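In: Pasting the sequence and the predicted model now:
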Amino acid sequence: QVQLVESGGGLVQPGGSLRLSCAASGFSLDRRVIGWYRQAPGKEREGVSCISNSDGSTYYGDSVKGRFTISRDNAKNTVYLQMNSLKPEDTAVYYCNAYPPIRDYWGQGTQVTVSS
């Protein structure tokens with residue numbers, strides 16, 4: 001059974017940083033492109049970033065480019081999202097999943113709140 005568990009969220013002031021982790025079980029993250037997604041209150045879930053399983057290339061949405069960094073540790077079967085210079089508009093529940101996402105792989109997500 002595949003399980004993706006996100007962690008590392010929390011409350012942070014504008015300009016602060018957080019590092020999110022996505023740990024997988026029953027599924028090898030290095031077999032697929034993996035993405036981070038987020039859903040803000042009242043909005044659709046959107047893709048934030050993804051990382052290739054073949055060459056490690058990365059993609060970032062325009063709203064996070066230059067502030068967020070995605071990485072993976074295949075030995076730990078974990079993907080990370082380093083978030084710097086956080087803004088209030090980054091407030092959302094953050095999820096990881098394959099890219100494109102697989103319906104049954106959605107986890108509970110981790111809440112990120114950026115507020116002073």
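Out: That came through fine. Just so it is clear, the structure is predicted and the values come from calculations on it, not from any experiment.

In: CA atoms for contacts and neighbours, from now on please.
Out: Fine.

In: For burial, what's the neighbour tally of the closest residue to residue 28 other than its chain neighbours?
Out: Nearest-residue entry for residue 28: residue 77, 6.4 Å, with adjacent residues in sequence omitted and distances by Cα to Cα, 6 or more residues apart in numbering. Using other Cα atoms under 10 Å as the criterion, residue 77 is surrounded by 15 other residues.

In: Per-residue pLDDT of residue 77, please?
Out: pLDDT, residue 77: 95.

In: And for the one 10 residues further on?
Out: Per-residue pLDDT puts residue 87 at 98.

In: Give me the phi and psi for the nearest residue to residue 27 once chain neighbours are set aside.
Out: Spatially, and ignoring its direct neighbours in sequence, residue 27 is nearest to residue 2 (5.6 Å; Cα to Cα, 6+ apart). With angles defined as degrees, to the nearest 10, residue 2 sits at phi -80, psi 130.

In: what's the residue nearest to residue 28 in contact with, if anything?
Out: Counting by Cα atoms under 8 Å, 6 or more residues apart in numbering, residue 77 touches 23, 24, 25, 28, 29, 30.
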